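Engineer: Below is the sequence, then the predicted model.
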Amino acid sequence: MSTIILIFIIFLGGAILTFLASALKGILKEVLFLASVFVPVVLFFTNISIGQTFSFQAAGFAFQWGITPLSYVFALIVAGLGLMAAIYAVSAMRNKENTGFFYFNYILTIMSMLGILFSRDLVSFFIFWEIMTWSSYLMVVYQGKDVQTVGIKYFIFSAVGAYAMLMAIVVVYSLTGSMMIDSLVQSFPGFSFDMQLLIPILLLIGFGVKSAMMPLHVWAPGAYSHAPMAYSSIFSGALSKMGIYGMVIVMVSLISHIPEGHWFREVIAWLGGITAVMGTLWAIKQDDAKKLLAYSSIGQLGYIIVGVGIGTPLAMMSGLFLAVMHALFKGTLFMVVGAIERQTGTSNLTEVTGLIRKMPWTFLASLFSIIALAGIPPLGGFIGKWMLYESLIVSDHYLLVIVIFFSSTAAFLYCYKFLFGFFLGQEETEWSHVKEAPAMMVVPMLILAVSTFVLGVFPGLILNPINEAMQTLGYANTQGHLWEMSVIFNEWGNQVAMQPIVYTIIGIFLFFLTFLTIKGYKETRYVTTKDISSSGEVPKEHENLTFSMNFMQPFFRAVEPLMRRQIDKYYNGFANGMEALFDFTRRIYTGNGQTYAMYVVIFVVLLLLLKTPFSDN
């Protein structure tokens, strides 16, 4: 039996068994859940090789599943983050209602994402895409009736994207007579110009929805923030990458064959830039950490879209590298919020603070992730953003450099807000009872967080697979020349320029630490976190202390024109119009048989009246 088939059988069987075991008490369902994720992931890492395929015939179509270098990179995200989040979910969901329902949809989501990446034909791709959409929709509405509106919004946008994708598939089949993705790529240069425009646009609508690209992003803030945090970590970290994966295929394999393809690239790149800026601005404004991370996810996905849109070797490499990094640090941060909410009962940044002593390991995980998100060396986020800046400058996209730099700089505000709000404020007696999250929640967070550091110091660990993936897409081998073009890499993908900088910073830090310790030893005293507001000084009686909130209001006033929800207004207007149409239709279709009989009589009478003049002639 093919290992690919075995993986899907274990996923599907495990999902069903876990759901059936939901009524049982004890750890049986948790063991089944972990085994249903762990075993297929281990099989993937140990038995699946690039180039391996499995083909069969069904319903008159040829199906083919396999793994390519590109899909392997994204499968690393799905398998790695999926396993870590599954371990986290066991503890996070313990004693919650409908855990069997949660486990069932979680397993289906992981299975469907790997199915998308394994699919070499459009039918399989679309089927797994729909399974992913339905399972994620059910997780969005997992909390109950209070989130039905959020779920409906996500479902509508997903349906629009799915129908656009289905239309593209039908058009491709009518033109080629084949459902194979390779056949589409090979035949695409021979299509008419109209079809060369229509097919990529339809596909990009579908992929743009899942990657939360503006203006198709409206569903994302509510969906990411209302799904259980154990699921939001893969929702934002992995599921959004399915849209990026499809976008890479379209941009490289299809649009590159269009004479006017550079305009496509410019449009997608600028949509990514706008997504980065607007997502960042809205993240700054949030007081709830879930909403903050949701908007932050939109902004970070914008960087990836810019890299994919520009499409130069360095830009594409930066986009794919940032996709991996985003999965790591954003998956970790959603877990952090879930852990804090579990221990304190709230995720509001204005309600809980001073948790650094209470939850030190959670703080450490969030610290690594925030540094990576902010693009500070030596963590991996810096590598991706540096390559992105280089690629934009080399390709003469100077205005886009300014846009991305503004977004990246503004992101420091919500990074500070998140870290200080939860951990570095004054300790409150109200939270004196708070303890560290359980080990099964902390360990996955730390593994993912440390990975951001490892990939920052040794980016070649992931740049090598990315390089192989890019070669299959038609790019030249970048290992020999592209990394040397970037001032921070040597040929092995290690940071070069950063090493003396890091050593210098460490030396300066140790010097000042030693100097200040020796000089001020006699004047030192024990400082608690309550002294943060006065910087460790003892205020004198005549010195007034003030406490302020909303200290970023001047910034918001400056960018207010950018933050008006014009897109939401249009979508809401369209939704209200459709609701009025449905209400009118409901008045006509009452379900009353006598009313329908009256409609038939009226129709016949009108038909006779309209027909009579013609019969006389």
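Structural biologist: In hand now; what should we look at?

Engineer: Spit out the contact partners of residue 339.
Structural biologist: If you count contacts by Cβ atoms under 8 Å, 6 or more residues apart in numbering, residue 339 has them with 92, 359, 362, 437, 441, 442, 445. Yep, even glycine has a C-beta here, placed from its N, CA and C like the rest.

Engineer: What about those, which are in helices?
Structural biologist: Taking DSSP state H, the ones among the contacts of residue 339 that sit in helices are 92, 362, 441, 442, 445.

Engineer: Out of those residues, show me where the pLDDT dips lowest.
Structural biologist: Ranked by pLDDT, those bottom out at residue 92 (90).

Engineer: Near the residue nearest to that residue when sequence neighbours are not counted, how many other residues are there?
Structural biologist: Across the structure, with Cβ to Cβ, 6 or more residues apart in numbering as the measure, the residue nearest residue 92 apart from its sequence neighbours is residue 230 (4.4 Å). Using other Cβ atoms under 10 Å, residue 230 has 27 other residues around it.

Engineer: Give the closest residue to the residue nearest the centre of the chain in space, chain neighbours not counted.
Structural biologist: In the chain, the C-alpha closest to the average C-alpha coordinate belongs to residue 236, at a distance of 3.0 Å (Cα atoms, centre = their mean). Residue nearest to residue 236 in three dimensions, not counting chain neighbours: residue 297, with 4.3 Å by Cβ to Cβ, 6+ apart.

Engineer: Run through the stretch 351-500 of the chain and note the low-pLDDT ranges.
Structural biologist: Confidence mapping of the stretch 351-500 of the chain against pLDDT under 70 gives the ranges 478-500.

Engineer: Quick one: the helices in it, in order.
Structural biologist: Counting by DSSP state H, counting those that start in this stretch, residue ranges of the helices within the stretch 351-500 of the chain are 360-374, 380-394, 398-419, 439-457, 460-472, 482-485, 498-519.

Engineer: what does the stretch 1-150 of the chain give?
Structural biologist: Secondary structure of the stretch 1-150 of the chain by DSSP H, counting those that start in this stretch: the helices cover 3-20, 28-47, 69-92, 99-118, 122-140, 148-176.

Engineer: Quick check: which of those helices is nearest to residue 465?
Structural biologist: Minimum separation from residue 465 across the helices of the stretch 1-150 of the chain (Cβ to Cβ) falls at helix 69-92, 5.2 Å.

Engineer: Off-centre distance for that closest one?
Structural biologist: Taking the mean of its C-alpha atoms, helix 69-92 sits 13 Å from the chain's own mean (Cα atoms, centre = their mean, to the nearest Å).

Engineer: Give me the buried positions along it.
Structural biologist: Across helix 69-92, burial judged by 16 or more other Cβ atoms under 10 Å covers 69-92.

Engineer: now swap in stretch 422-433 and tell me
Structural biologist: By 16+ other Cβ under 10 Å, the buried positions in stretch 422-433 come out as 422, 423, 425, 427, 431.

Engineer: So the fourth one versus residue 359, what's the distance?
Structural biologist: Summarising the geometry, the distance separating residue 427 from residue 359, computed by Cβ to Cβ, to the nearest Å, is 12 Å.

Engineer: Residue 57 too?
Structural biologist: In this structure, residue 57 and residue 359 are separated by 55 Å, where distance is defined by Cβ to Cβ.

Engineer: Looking at the two, which is more packed in?
Structural biologist: Neighbours around residue 57 and residue 359, counted as other Cβ under 10 Å, are more numerous at residue 359. The numbers are 24 against 8.

Engineer: Identify all contacting residues around stretch 137-156.
Structural biologist: Taking Cβ under 8 Å, 6+ apart as the criterion, the residues outside stretch 137-156 that touch it are 98, 101-102, 105-106, 109, 136, 158, 218-219, 222-223, 226-228, 231, 235.

Engineer: For residue 63, give me its contacts.
Structural biologist: Listed by Cβ under 8 Å, 6+ apart, the contact partners of residue 63 are 55, 56, 57, 121, 123, 124.

Engineer: So which bits of the longest helix seen in the chain are buried?
Structural biologist: Within the chain, and with DSSP H defining each element, the longest helix by residue count is helix 313-344. Within helix 313-344, the residues scored as buried using 16+ other Cβ under 10 Å are 313-344.
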